[in-house]
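# structure for this input, please:
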Amino acid sequence: MSRQPIILAAKDCCAFLEQEGHADAIQYFLTTQSKNNIFHFNVSKEKRIDESPIISFNYQDGKWYAGRYVGEAYFNYKGQEYQITITPRFGNTQLFHMLEEVFNVRFSESNQRISKQKDIQFIIKKIIAFLWLNMLSKANKHGLPRSNKKFTYKGSKIRGRLNVRASILPMYTENNVVSNYWEKTPNEPILKILKQAYSILKYEYGLAHIKTSRAATNALEQLFSSNVSTGYLTENEYCKIVYKNIYKSFKPVVDLSWDIIRRKNFGNNNSEDTNGVSFFLDMAEIWELYLKSIIKKKIAPHGWILRNDVIQTYSNKDFKRKLIPDIVFQKENNVLVWDAKYKRMEYAYYDYDRADFFQIHTYINHYDKNFNVIAGGLLYPLSKEYSREVAYRNYSESIFGEGQDDTQFFIDGIELIHIDKESVKKQEELFLDRVHLRISKDSIAHV
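Okay, here's the model as predicted:
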């Protein structure tokens, strides 16, 4: 077996640089990969069904292309070790920027510089550990989750409420009475998940080397001072967790913790592969969460409210399906409907996917039955310069361009040609200004 692995590298949604002679190895990798190796931050199980392959073959140019995921994997094929490496096509700076926006955290410049020298797997694990720590500290504003637990007390005094039925016999035989009382105790399922996740993050994600804030340190001290068993929690117990209103802020960090626990073993399905590391982030998921966050900040002050809809269709039929639009905002009876697409967009004819157009028009038609749909469309990370000419070619004043309604339809996004932070922020602001002008003045003349 060769000591040095053959590296097959690509940027997400782009062709692999060196693939000649390795087609069989790539095909083997695809057949042994599990979608459980894809890490999710906060997307419903229904949407995960639509996951695309990590790598796919393009019959137009006869090349293998990376999908929308970034990460690394090692595998053995016919005695040769291979390393699949997929990095963000817009660079780590944009990845950090999106994560900062989504999770309301700030990665220090020193962390970003160090990360550039490390492999993508190291970066991903470090990011997850950092985000987990920040999410825990922010969720802990009212202390760790507690729940009321019923206890029974038997003695000569009453503690809480007297249990008359249970006291009849002890009162005559022991001169005691039975009473019931309630106490607030740590929520065992939640704290058990958090403890298990911390242990994994500490030893496998480098959490111990991350500088913690005072709030994070306080949350960890509370976590490990609580008297909770360390037994394994089942999937069914996790799904049954109920959050009181005061502790709802813990749900994101608990969901992230459960994903960390489930993915403790990152090996692929090849039993011969002792180095089988396979761990990927879904950039499409991060892109969607990022767009939701920045658009909400821009238009929420003007009365728009973000909706999270799961629409059940044909509920009593064998072909029942759920419609889950990515981004929906409502203001009174007006609605905005967008789908976030983390695909290549250079304004070439083949960049406009037919299935994506059918999907977004289905969403718009559904809302149009009960609401006034102001605008809808597809939002991409743009790989070419956005101009007024591009805006005109990618905008329609009505659905299907027939002029029979006033629902605007457009293709737009954020230009990410330049990867420095200042340029990214500028292009983000230009995109938000275009969106706001369209939905408020209903005219491309203002774009």
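# break down the stretch 1-150 of the chain into its strands, ranges please.
Per DSSP state E, counting those that start in this stretch, the stretch 1-150 of the chain carries strands over the ranges 6-11, 38-39, 55-58, 63-66, 69-77, 80-87, 146-155.
# ok, residues contacting the last one?
Just to be clear, that refers to strand 146-155. 159-160, 163, 166, 170, 174, 176-187, 244 (Cβ atoms under 8 Å, 6 or more residues apart in numbering). Bear in mind the C-beta positions are built from the backbone N, C-alpha and C, glycine included.
# just to revisit the earlier point, ranking the strands of the stretch 1-150 of the chain by burial, who's on top?
Here the criterion is mean neighbour count by mean count of other Cβ atoms under 10 Å, and of these the winner is strand 69-77, at a mean of 24.
# that strand vs strand 80-87, what angle?
180 degrees (axes from the mean of the first three to the mean of the last three Cα atoms, to 10 degrees).
# how is the protein divided into domains?
Following automatic domain parsing, one gets these domains for the chain: 6-141+189-283, 146-186, 303-446.
# now do the first one: distance to the chain's middle.
Mean C-alpha position of domain 6-141+189-283 versus that of the full chain (Cα atoms, centre = their mean, to the nearest Å) differs by 10 Å.
# related to what we said a few turns ago, of the contacts of strand 146-155, buried ones?
Neighbour-count burial (16 or more other Cβ atoms under 10 Å) applied to these gives 163, 176, 177, 178, 179, 186, 187.
# thinking again about what came up before, distance to residue 26 and mean pLDDT added to the strands of the stretch 1-150 of the chain, as TSV?
Listed next are the strands of the stretch 1-150 of the chain as TSV, based on distance: least, Cβ to Cβ, whole Å; pLDDT from 0 to 100:
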stretch	distance to residue 26	mean pLDDT
strand 6-11	7	92
strand 38-39	18	77
strand 55-58	6	90
strand 63-66	5	92
strand 69-77	9	88
strand 80-87	8	90
strand 146-155	50	79
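# quick one: low-confidence ranges for the stretch 151-300 of the chain?
Residues of the stretch 151-300 of the chain meeting the criterion pLDDT under 70: 230, 264-278.
# now do the helices in this protein.
Assigned by DSSP state H, the helices in the chain fall at 23-32, 45-48, 91-103, 109-116, 120-139, 164-173, 188-204, 214-225, 235-239, 251-262, 283-299, 354-368, 388-393, 421-441.
# any chance of the ones you listed in JSON lines, plus distance to residue 331?
JSON lines is the format used below for the helices of the chain (distance: least, Cβ to Cβ, whole Å):
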{"stretch": "helix 23-32", "distance to residue 331": "45"}
{"stretch": "helix 45-48", "distance to residue 331": "25"}
{"stretch": "helix 91-103", "distance to residue 331": "23"}
{"stretch": "helix 109-116", "distance to residue 331": "37"}
{"stretch": "helix 120-139", "distance to residue 331": "28"}
{"stretch": "helix 164-173", "distance to residue 331": "57"}
{"stretch": "helix 188-204", "distance to residue 331": "36"}
{"stretch": "helix 214-225", "distance to residue 331": "35"}
{"stretch": "helix 235-239", "distance to residue 331": "34"}
{"stretch": "helix 251-262", "distance to residue 331": "26"}
{"stretch": "helix 283-299", "distance to residue 331": "8"}
{"stretch": "helix 354-368", "distance to residue 331": "13"}
{"stretch": "helix 388-393", "distance to residue 331": "24"}
{"stretch": "helix 421-441", "distance to residue 331": "9"}
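# quick one: closest of those helices to residue 78.
Comparison of the helices of the chain against residue 78 by Cβ to Cβ identifies helix 23-32 as nearest, at 7.8 Å.
# report the contact partners of residue 61.
residue 15.
# the residue nearest to residue 409 when sequence neighbours are not counted - how many residues pack around it?
Excluding the flanking residues, the one nearest residue 409 by Cβ to Cβ, 6 or more residues apart in numbering is residue 396, at 4.6 Å. By other Cβ atoms under 10 Å, 16 other residues sit near residue 396.
# pretty sure residue 396 is touching residue 406, no?
No: between residue 396 and residue 406 there is no contact under Cβ atoms under 8 Å: 11.1 Å.
# how many neighbours does residue 404 have?
Residues lying near residue 404 (other Cβ under 10 Å) number 9.
# and it, how far from residue 397?
Distance, residue 404 to residue 397, by Cβ to Cβ, to the nearest Å: 11 Å.
# report pLDDT for residue 34.
You'll see residue 34 listed with a pLDDT of 63.
# tell me what the closest residue to residue 226 other than its chain neighbours is bridged to.
Leaving aside its chain neighbours, residue 226 sits nearest to residue 186 (4.4 Å; criterion: Cβ to Cβ, 6+ apart). Beta-bridge partners of residue 186, counted by DSSP bridges, are residue 146.
# now do the contacts for residue 186.
144, 145, 146, 147, 226, 227, 228.
# please repeat the previous calculation with a cut-off of 7 Å.
Applying Cβ atoms under 7 Å, 6 or more residues apart in numbering to residue 186 gives the contacts 144, 146, 226, 228.
# cool, and residue 202?
Residue 202 makes contact with residue 208 under the criterion Cβ under 7 Å, 6+ apart.
# just residue 432 next, same as before
Contacts for residue 432 were tallied using Cβ under 7 Å, 6+ apart; they are 294, 295, 298.
# who wins for neighbours among those residues?
Counting by other Cβ under 10 Å, top hit in these: residue 295 with 22 neighbours.
# how much space between it and residue 101?
11 Å.
# residues shared between the contacts of these two?
Overlap of the contact sets of residue 295 and residue 101 (by Cβ under 7 Å, 6+ apart) is empty.
# re earlier: redo the strands of the stretch 1-150 of the chain as CSV? Include distance to residue 259.
Converted to CSV, these look like this (distance: least, Cβ to Cβ, whole Å):
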stretch, distance to residue 259
strand 6-11, 25
strand 38-39, 6
strand 55-58, 22
strand 63-66, 22
strand 69-77, 14
strand 80-87, 20
strand 146-155, 23
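# among the ones you listed, which is nearest residue 210?
strand 38-39 (18.0 Å).
# quick check: neighbours of the closest one in the sheet, parallel or antiparallel?
With DSSP bridges as the test, strand 38-39 is paired with strand 278-282 (parallel).
# so residue 33 is in contact with residue 53, correct?
No: between residue 33 and residue 53 there is no contact under Cβ atoms under 7 Å: 8.4 Å.
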